[in-house]
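[1] build me a structure from this.
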Amino acid sequence: QLQLVESGGGLVQPGGSLRLSCAAPAFTLGLYAIAWFRQAPGKEREGVSCINNNGRSTDYLGSVKGRFSISRDNANGTVYLQMNNLKPEDTAIYYCAARTSYFCGSTSSLDRFDYWGQGTQVNVSS
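    Presented below is the predicted three-dimensional model:
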């Protein structure tokens with residue numbers, strides 16, 4: 001059972017930045033593709049970004065391209081989501097999830113991801 005722990009959420013003004021972290025055991029993280037999802041009130045959970053096991057391939061939701069950046073440090077057991085130029089519509093609970101594969105595949109299918117964290121709240125408001 002892979003445990004994932006998110007951190008870094010909070011309240012930020014529009015145009016601001018946050019960096020989310022997803023922590024996992026360092027000796028196993030390199031076996032998994034990792035994705036960030038988000039769920040806003042009354043909406044379905046959606047994939048925001050994904051990174052393959054070695055960090056060489058990434059993918060982004062269209063509405064966050066150019067603003068968000070995903071990266072990973074397998075040696076330290078952490079995956080990051082740098083979020084810049086945040087907008088009110090980015091307000092959501094953000095979850096990291098691990099897929100038992102080196103590759104992301106499609107983030108449209110949540111059931112492809114085997115392990116989930118508890119989430120961290122991001123609020124973008126003036």
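
[2] all strands for the chain, in order.
    Secondary structure of the chain by DSSP state E: the strands cover 5-7, 10-12, 18-23, 33-39, 46-51, 58-60, 68-73, 78-83, 92-99, 115-116, 120-124.

[3] dump those into JSON lines; add mean neighbour count as well.
    Using the backbone N, CA and C atoms, a C-beta is placed for each residue, glycine as well. Listed next are the strands of the chain as JSON lines, based on neighbours: other Cβ atoms under 10 Å:
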{"stretch": "strand 5-7", "mean neighbour count": "16"}
{"stretch": "strand 10-12", "mean neighbour count": "14"}
{"stretch": "strand 18-23", "mean neighbour count": "20"}
{"stretch": "strand 33-39", "mean neighbour count": "24"}
{"stretch": "strand 46-51", "mean neighbour count": "22"}
{"stretch": "strand 58-60", "mean neighbour count": "17"}
{"stretch": "strand 68-73", "mean neighbour count": "18"}
{"stretch": "strand 78-83", "mean neighbour count": "22"}
{"stretch": "strand 92-99", "mean neighbour count": "23"}
{"stretch": "strand 115-116", "mean neighbour count": "16"}
{"stretch": "strand 120-124", "mean neighbour count": "18"}
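
[4] which one of those lies closest to residue 108?
    strand 46-51 (6.4 Å; Cβ to Cβ).

[5] the strands of the chain: which one's closest to residue 107?
    Counting by Cβ to Cβ, residue 107 lies closest to strand 46-51 out of the strands of the chain; the figure is 2.5 Å.

[6] which strands and helices sit next to that closest one?
    strand 33-39, strand 58-60, strand 68-73, strand 78-83 (3 or more Cβ pairs under 8 Å, 6 or more residues apart in numbering; DSSP states H and E).

[7] identify the residue nearest residue 106 in space, chain neighbours excluded?
    Among residues not flanking residue 106 along the chain, residue 112 sits closest, at 7.0 Å (Cβ to Cβ, 6 or more residues apart in numbering).

[8] residue contacts, the one you found?
    99, 105-106 (Cβ atoms under 8 Å, 6 or more residues apart in numbering).

[9] distance check, it against residue 73.
    As defined by Cβ to Cβ, to the nearest Å, residue 112 lies at a distance of 23 Å from residue 73.
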